[in-house]
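Q: Kindly return the folded structure for what I paste below:
(6 chains)
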Number of protein chains: 6
Amino acid sequence: MKLSVFTVPYSGLSLEETLKKLSAMGVQAVELGAGGYPGNAHLNAKALLADDEKVQAVKALVKKYNIEIAAISCHGNPVHPDATIAKDFHDQFIDAVLLAEKLEVQTVITFSGCPGDSEGSKYPNWVTCPWPDDFGTILDYQWNEVLIPYWKDTVDFAKQHNVNKIALEMHPGFCVYNPETLLRLREAVGDVIGANFDPSHLFWQGINPVSAIKALKGAIYHFHAKDTKIDERNVGINGVLDNKNYGDVLGRSWVFRTVGYGHDQEIWNDMISMLKAVKYDGPISIEHEDALMSIDEGLSKAIEFLKEVIIFETPTSMWWA
Amino acid sequence: MKLSVFTVPYSGLSLEETLKKLSAMGVQAVELGAGGYPGNAHLNAKALLADDEKVQAVKALVKKYNIEIAAISCHGNPVHPDATIAKDFHDQFIDAVLLAEKLEVQTVITFSGCPGDSEGSKYPNWVTCPWPDDFGTILDYQWNEVLIPYWKDTVDFAKQHNVNKIALEMHPGFCVYNPETLLRLREAVGDVIGANFDPSHLFWQGINPVSAIKALKGAIYHFHAKDTKIDERNVGINGVLDNKNYGDVLGRSWVFRTVGYGHDQEIWNDMISMLKAVKYDGPISIEHEDALMSIDEGLSKAIEFLKEVIIFETPTSMWWA
Amino acid sequence: MKLSVFTVPYSGLSLEETLKKLSAMGVQAVELGAGGYPGNAHLNAKALLADDEKVQAVKALVKKYNIEIAAISCHGNPVHPDATIAKDFHDQFIDAVLLAEKLEVQTVITFSGCPGDSEGSKYPNWVTCPWPDDFGTILDYQWNEVLIPYWKDTVDFAKQHNVNKIALEMHPGFCVYNPETLLRLREAVGDVIGANFDPSHLFWQGINPVSAIKALKGAIYHFHAKDTKIDERNVGINGVLDNKNYGDVLGRSWVFRTVGYGHDQEIWNDMISMLKAVKYDGPISIEHEDALMSIDEGLSKAIEFLKEVIIFETPTSMWWA
Amino acid sequence: MKLSVFTVPYSGLSLEETLKKLSAMGVQAVELGAGGYPGNAHLNAKALLADDEKVQAVKALVKKYNIEIAAISCHGNPVHPDATIAKDFHDQFIDAVLLAEKLEVQTVITFSGCPGDSEGSKYPNWVTCPWPDDFGTILDYQWNEVLIPYWKDTVDFAKQHNVNKIALEMHPGFCVYNPETLLRLREAVGDVIGANFDPSHLFWQGINPVSAIKALKGAIYHFHAKDTKIDERNVGINGVLDNKNYGDVLGRSWVFRTVGYGHDQEIWNDMISMLKAVKYDGPISIEHEDALMSIDEGLSKAIEFLKEVIIFETPTSMWWA
Amino acid sequence: MKLSVFTVPYSGLSLEETLKKLSAMGVQAVELGAGGYPGNAHLNAKALLADDEKVQAVKALVKKYNIEIAAISCHGNPVHPDATIAKDFHDQFIDAVLLAEKLEVQTVITFSGCPGDSEGSKYPNWVTCPWPDDFGTILDYQWNEVLIPYWKDTVDFAKQHNVNKIALEMHPGFCVYNPETLLRLREAVGDVIGANFDPSHLFWQGINPVSAIKALKGAIYHFHAKDTKIDERNVGINGVLDNKNYGDVLGRSWVFRTVGYGHDQEIWNDMISMLKAVKYDGPISIEHEDALMSIDEGLSKAIEFLKEVIIFETPTSMWWA
Amino acid sequence: MKLSVFTVPYSGLSLEETLKKLSAMGVQAVELGAGGYPGNAHLNAKALLADDEKVQAVKALVKKYNIEIAAISCHGNPVHPDATIAKDFHDQFIDAVLLAEKLEVQTVITFSGCPGDSEGSKYPNWVTCPWPDDFGTILDYQWNEVLIPYWKDTVDFAKQHNVNKIALEMHPGFCVYNPETLLRLREAVGDVIGANFDPSHLFWQGINPVSAIKALKGAIYHFHAKDTKIDERNVGINGVLDNKNYGDVLGRSWVFRTVGYGHDQEIWNDMISMLKAVKYDGPISIEHEDALMSIDEGLSKAIEFLKEVIIFETPTSMWWA
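A: The predicted model follows:
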């Protein structure tokens, strides 16, 4: 496994400044945004695709700092009911794939996307209950008329460009939000589709990430180290379905936290161990989002924490068994 | 408190057969459907409003069996994005109110309803997350342009017809789905809006119904005795956000159950005690929905269970304090 | 074991009315107050000691209703720092012992009492912490100068009058409030001192009554069936040390409840089973104090509950071991 | 489902006295011992097989009391390393099968048996750990050389005599002691082998019987209603592997109990519900073994408890899904 | 937040030696005793108030080692029923306030104090239960006749001398021992009164310190990092009300421990996070009291632990919300 | 306490290489295998006993690296039913004792051993249940005819050679596997017998190692720092009695892990604290067996973890009590 960082919080710094900083902190890999929600501060796909020298410069830079680009991220909603928005996200994803090909990066990360309730709708409709029957009708439309066709085409494109791992982040607000929906799409579309496993979106759903990792054996293509703190007293009254702004730390049922501040080291040790047991050996990529910490302090705490937790090496034979 | 039954499962029997049966089982009150999702098998509002003799016949019937009509139910989605559907639900609700007035019933039960994402949408859009920003936009539209205006008008109508308690069932798939959203609408519209407290929709959200009852002190207008069994192993992998059909008992993360088969007697004792402590003294109305039991057996078990649990009488002074 | 009731809640009824009522409910024994805090509505010791015919009348009455007097209660504070109060409680206890002798009742129940901080104080000083050193000084005074001498004398008196079981209720506000303090006094004074085991005073201290019963093997002389409901949310903020009035049900950290409304049947089954395992075969005496229930309903629920829980018969040999 | 009783505790009564007694208590079926550890007080196989009139008399008797013979039990160790003992158990089992055929009983219950460590050993060797390697060697011998061959033959015999369900009780001390070992034998030998599911042997192993029932979907042929109380304080020091005599109630880590005195009603409701969900609809057979209760009181408590818990009827369609 | 140490354990060293030692360990602030129970080894108020040069010397010293005096401590019982003791504690507190003014320290820490049961008593009477009525009488006397008047005067004095934060340590044995009593005094006397939040006195009361911090939002003026280990097996028998000497580590229900040895890092992370969320940004001051560790080892472990836990910096804006 | 390492994983390195490596990692002591299951890579007893110079060389080596030999290990089964195997283990143990004498090492570690079911058996028979009666018979034979006589003789021999601490590792597969069986043998044979306390064999039995340490006060002679991860989902179905190979990490109910990867730091802090409280001040010896980690990474993590956890120094007086 490698210790990686998703560089969005340092969008204010240049790629080189960022790599320098992370290298000094002992980070071995980075996940770089190339469009979509994460922005493209460190990897301007359009500019890079237009100028191969710039691509070579990026390659030289990561080599200089001995840091691997573990994945390119381009989270978006390419099936957004608003066609303009959808196309914009789609185009950015296509560019991310093309860039990945050039940079020889294996993995591109995004969301599954979420359509609206029907063709006339304006916004995504995230279905989380089976009744009244409206919701079944929406699901049928979303999966069979939009989602599966879209990803069949897009996976074909990715394959043609040597990107064989599209890591979908299971995320609220999108059709793929838990192992069951991830596996459903993977079964329908093929195994280029896998998971970007980010436990912060799973904890509050009641998912035990260790069990979920085991259930996704073979289908995990990337891992986000982000944590979630659940406020049990708030949940006790209002439940986990909280649509209030993330900034309401005292009022919300849960908020994102730096790793180790949402759950204790035991569950992080357990996740890493289960990843190891199902033969995942890829990046452990810190996505820092913590309303109570500065970027430097939060990231630094996350890095120190994960250096203790991650199992970097390959096990030897069992002499005691 | 009174032991009540929501009579939907006996829609195949006449009102009199139903009352006779329930009376023999020791039931003291009924909740009758007068349209909407529950149907109108026992209370055909249109027919009754057209013929006052029929109204008197209903009154005589309940008197004969010494059973009180504790509430009239007419769950619907009067803000459905499809105008025809919305109007149909609205009209039925209006009739239910008028019928309640004639039958001198205090409480009418329904859902808050759930609009679509915008005017052009076809189906409800239930928002349970705050990001991406689409969802905030939808919420703003739903609450400020649709929900609050609708209920302001409807509450005015109800008041004019002496219905002072509209008990909204906090239910997934509708804008009011937990104490926070209930209180938000109540604050915006006035205290004719209160809760039909049905713990079966709250358990799986992570809500502790005892804490929720305390938080809703003064705003609980009706209580549904229905239970939910959470399958911890399924939740551990896929979480509580399960949009699969209720019939998939082995695969789902949770299913509805007869009271006592979802949670033990302790939590039912606690709910009844907290209702008593916040001065709720209304009906405890069994809504029987259990995929593993016949109607007669399930209802009979629920009735026996609740006879043990319910605190029927008023406490005396505390000589020991 | 026998199902017994402490008759204080029926102080408004005569002894005969009370026995008649309880007999009809299937109760097999009673615990009667003969002074002290419980009052003497059903057993006026002064009057009975002065007139042997009245004693015979009581005996005839319990025989008539086939109910045993399982214990006489006279809870007081005979070591109160106010000498007048102390003497009054002491005199009542002495009369209770004499009356027990006449009625051939084995067990008299009371509190250990609680002295003040020193001779000049006016009120009891219940010590529950070891620091600052003032508290150690108080404890030394209370136990060595007051409590042990008092009970040595009183136990001698009891023995002379054939009362061989003084069951001290481990109770907050008194020196004997948990197994450790009970056993300390028993060791100092002798085994006439035993416990009136009332779990309602132990739960909120964090005591597991099943473990406590095992620890008190051989030293349990009477058992009170009273329950306590702990409000976990209130405790979470203010802790279990709650000196607010018992009437503040919503604000307090814990309140007394009818058996089964504070803890579930499992722990009651466990307590009864452990009592059986340590060879206690005496009365299980309901002390009804519940701010949310009427006397009749609360007592009736308690009786039905305990009929299920109590193990009335003696086990047979183990053919399977 | 039917409420059944395993009649061993009434071995001192005749079959008719037993049936009369149980019938009056509302019991619908019985499990009768026909040899092996349970003895043959109510079903002397040798005598019955020799005299068809006696068989008819038994049939008439159960008809008279409207009680079904749900299963014949003949628990033994037919692979005991002592050949004489093994043969004796085997012969009794063969007779039990033949008798089942005559009485038209579907199910015969027994243990898998447990061989010794090798041919020269005298007593069974129950293997519960994988190291040192001795234990792997023993397992290989037991399963491949003894257990599987024995049951292949015996299953053939049973099939020839129309006994298609051999319900092996997963039990400590025998090779089949948990779902994994049961399924292993079933896979090797065929689906005449199924489980007699007795949760009392599973609880202390840490098995959640509800999960185990789901894992054994389709392979459960009989169910024993017996409970186990785990003493958490004793386990905390000495663990669950307790080889002390069952009579040491205070010292042991766990003891058998009447249903409801080992675990609360919730888990019994859950087990019955899961049995229903996996389509088990056979007998729920009380095996009464409780060191703290008399037979009559214990059995009576168990019967009342299970009448509340068991789901006797077949569910109707789901109108709410 | 700043990492601080309460220097009592180093009373054998000079202030300079202590500051030097702590500075080398990365400590940023100190809490210094200036009388009362903590003694005045490092801050002799009488001597300093008499000689301004000595005050300047202290200021120079802390500047030299770049350590801030975060608070002055002078825990006492200024309402002790023994007038001499009370006056002594009061005088020391007054001096501590005057010294704080000179040293420009914002916060002075003490206890609320605890009166006796009445004017004639000799020792404090800590009331933790509401019945018998004696205790209500004592509480009324203590709060209304002693505590509130005393603190009104004392707060006035403090304000006049620019000490605007009197941080009362919620502590057993004193009237203010939990958030409710702290807030009661604060409401009666004004917001110069706030809390010295020391979780070690709250854990064993059943208080969740995270919930308590939230409940005290705005009223926390200082924080003690001390831990408590609860012995669940001892509590299970004797409860949390343990008046045995702190030295009885194996017998007591709880003992003080170095941070991290009473509760795991998760709850410490949670406390720090909640402090941050309620905008507390003051010292986290280690009070080392651990019967199983040497001072140097215990303090060193505490410092390393808190360096990981404390959030030193101020958060930046939330780009993800 | 001292940080020690059991050197088996470095059997491929020479003793000097091993000591050098461990010394550099801050290790203070070693446990060296001298035969039996651990092998004798670092301490060839036969060779050393034959050549005193080699003994002096070992002494010089540990002195050179400032590492203490804390114990000699020679785990075996000297009561194996196969006489040849038994003798071989016995002879190696005898040599280990003689070598300990020469090296002036206090403690020799082994297993109690486990006989067969009788004299004719070939493999050990580990008894973990009391019924059927075969198991009682086996136990009687094993303890009274084999185990106790064997250890009486062997303890005599050890004493004669100044080895006064034989630390038996409580281990599945051997007669001494929990505190009760350890204390039984110690009582029968004398206090040369004590425990090598390895929590990894106790966790899955349900033992709380902290409680077990307290129960073994005075009888703990050595401590193994090894951890066990319990897979709750696997246990939920198949229980803790898992005889599958240790290599089946995903399928087993539990596997060995590096300290901190089986249980969190809290329980390790608690164990160390309880060891300290019962006055154990010996080695904390890492036995590294982890199927998911390399030797170097696993050992390095264990060492860093234990440096935080272990209490190295002796506590000072309690100024706060």
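Q: Next to chain C in this structure, residues from the stretch 101-250 of chain A, please.
A: Contact residues (CB under 8 Å from any CB of the partner chain) of the stretch 101-250 of chain A with chain C: A:233, A:236. From N, CA and C alone the C-beta is placed, and that goes for glycine too.
Q: In the stretch 101-250 of chain A, what residue comes closest to chain C?
A: Chain C sits closest to A:R233 of the stretch 101-250 of chain A, with a gap of 6.9 Å, by CB to the nearest CB.
Q: could you say what helices and strands the helix or strand hosting that residue packs with?
A: Following DSSP states H and E, one finds A:R233 within helix A:232-238. Applying 3 or more CB pairs under 8 Å, 6 or more residues apart in numbering or on different chains; DSSP states H and E, we find helix A:232-238 packed against helix B:179-189, helix B:209-215, helix C:232-238.
Q: got the CA coordinates for the longest one in PDB?
A: Think helix B:179-189. Provided in PDB are the C-alpha atoms of helix B:179-189 (Å, rounded to 0.1, in the frame of the first residue of the first chain):
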ATOM      1  CA  PRO B 179     -38.800  15.700  14.100                       C
ATOM      2  CA  GLU B 180     -36.700  18.500  12.700                       C
ATOM      3  CA  THR B 181     -38.700  18.700   9.400                       C
ATOM      4  CA  LEU B 182     -42.000  18.300  11.300                       C
ATOM      5  CA  LEU B 183     -41.200  21.200  13.600                       C
ATOM      6  CA  ARG B 184     -40.000  23.300  10.700                       C
ATOM      7  CA  LEU B 185     -43.400  23.000   9.000                       C
ATOM      8  CA  ARG B 186     -45.200  23.500  12.300                       C
ATOM      9  CA  GLU B 187     -43.300  26.700  13.000                       C
ATOM     10  CA  ALA B 188     -44.000  28.000   9.500                       C
ATOM     11  CA  VAL B 189     -47.700  27.100   9.400                       C
END
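Q: For the next helix-or-strand element following that helix, buried residues please.
A: Where DSSP H and E defines the elements, the next helix or strand beyond helix B:179-189 is strand B:193-197. Buried residues in strand B:193-197, counted by 16 or more other CB atoms under 10 Å in any protein chain shown: B:193-197.
Q: again, but for stretch A:137-150
A: Buried-residue list, stretch A:137-150, by 16+ other CB under 10 Å: A:138-139, A:141-143, A:146-148, A:150.
Q: start to end distance for it?
A: When the termini of stretch A:137-150 are compared using CA to CA, to the nearest Å, they are 19 Å apart.
Q: okay, now A:E180: neighbour count?
A: When neighbours are counted by other CB atoms under 10 Å in any protein chain shown, A:E180 registers 21.
Q: Identify the residue spatially nearest to the residue in the stretch 101-250 of chain A positioned nearest to chain D, adjacent ones excluded.
A: Closest contact between the stretch 101-250 of chain A and chain D, by CB to the nearest CB, is at A:W131 (7.5 Å). Leaving aside its sequence neighbours, A:W131 sits nearest to B:G173 (CB to CB, 6 or more residues apart in numbering or on different chains; 6.5 Å).
Q: In a markdown table, list the buried residues of strand B:193-197 along with pLDDT.
A: Output for the buried residues of strand B:193-197, formatted as a markdown table (pLDDT from 0 to 100):
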| residue | pLDDT |
| --- | --- |
| B:I193 | 98 |
| B:G194 | 98 |
| B:A195 | 98 |
| B:N196 | 98 |
| B:F197 | 98 |
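Q: Which residues lie in contact with the residue of the stretch 51-200 of chain A found nearest chain F in this structure?
A: With CB to the nearest CB, the shortest gap between the stretch 51-200 of chain A and chain F falls at A:P179, namely 14.1 Å. Contacts for A:P179 (CB atoms under 8 Å, 6 or more residues apart in numbering or on different chains) come out as A:170, A:195, A:207, A:212, A:215-216, B:237-238.
Q: Could I get the pLDDT score of the closest residue in space to A:F312 that isn't next to it in sequence?
A: Closest residue to A:F312 apart from its sequence neighbours, by CB to CB, 6+ apart: A:M1 at 5.9 Å. Here the pLDDT value assigned to A:M1 is 95.
Q: Return the distance of A:M1 relative to A:T314.
A: Counting by CB to CB, to the nearest Å, the gap from A:M1 to A:T314 is 10 Å.
Q: For these two, indicate the residue with more neighbours.
A: Between A:M1 and A:T314, A:M1 has the larger neighbour count (other CB under 10 Å), namely 21 against 12.
Q: Out of the helices and strands packed on helix A:232-238, the one nearest D:F93 is which?
A: Proximity to D:F93, assessed across the helices and strands packed on helix A:232-238 by CB to CB, is greatest for helix B:209-215 (52.2 Å).
Q: Packing partners of the next helix or strand after the closest one?
A: Reading on from helix B:209-215 to the C-terminus, the next helix or strand found by DSSP H and E is strand B:220-225. Secondary-structure packing of strand B:220-225 (3+ CB pairs under 8 Å, 6+ apart): strand B:107-110, strand B:165-169, strand B:193-197, strand B:283-286.
Q: List the buried residues for the host helix or strand of A:T84?
A: Using DSSP H and E, A:T84 sits in helix A:83-103. Using 16+ other CB under 10 Å as the test for burial, helix A:83-103 gives A:85-86, A:88-90, A:92-103.
Q: Would you mind pulling up the elements that it packs against?
A: By 3+ CB pairs under 8 Å, 6+ apart, helix A:83-103 packs against helix A:45-49, helix A:52-64, strand A:68-73, strand A:107-110, helix A:148-160.
Q: ranking the ones you listed by burial, who's on top?
A: Highest mean neighbour count among those (mean count of other CB atoms under 10 Å in any protein chain shown): strand A:107-110, with a mean of 27.
Q: Give me the next element, helix or strand, following that strand.
A: Following strand A:107-110 toward the C-terminus (DSSP H and E): helix A:134-140.
Q: so A:E31 sits right up against A:V5, yeah?
A: Yes - with contact defined as CB atoms under 8 Å, A:E31 reaches A:V5; the gap is 7.1 Å.
Q: Alongside chain D, which residues does the stretch 101-250 of chain A contribute?
A: Residues of the stretch 101-250 of chain A lying near chain D by CB under 8 Å from any CB: A:130-131.
Q: Outside of stretch A:73-92 itself, list whatever touches it.
A: Residues from elsewhere that reach stretch A:73-92 (CB under 8 Å, 6+ apart): A:6, A:31-38, A:45, A:93, A:95-96, A:108-116, A:119, A:121-124, A:142, A:146-147, A:150, A:154, A:169, A:174, B:117, B:132, B:134.
Q: go on, stretch A:7-19?
A: Residues outside stretch A:7-19 that contact it (CB under 8 Å, 6+ apart) are A:21-22, A:30-33, A:38-39, A:41-43, A:58, A:61-62, A:64-65, A:67, A:287-288, A:295, A:299, E:319.
Q: give me that answer again for 7 Å
A: Here stretch A:7-19 makes contact (CB atoms under 7 Å, 6 or more residues apart in numbering or on different chains) with A:30, A:32-33, A:38-39, A:41-42, A:61-62, A:65, A:67, A:288, A:295, A:299.
Q: So which bits of that stretch are buried?
A: Buried residues in stretch A:7-19, counted by 16+ other CB under 10 Å: A:7-10, A:15, A:18-19.
Q: Stretch A:186-203 now?
A: Within stretch A:186-203, the residues scored as buried using 16+ other CB under 10 Å are A:186, A:189, A:192-203.
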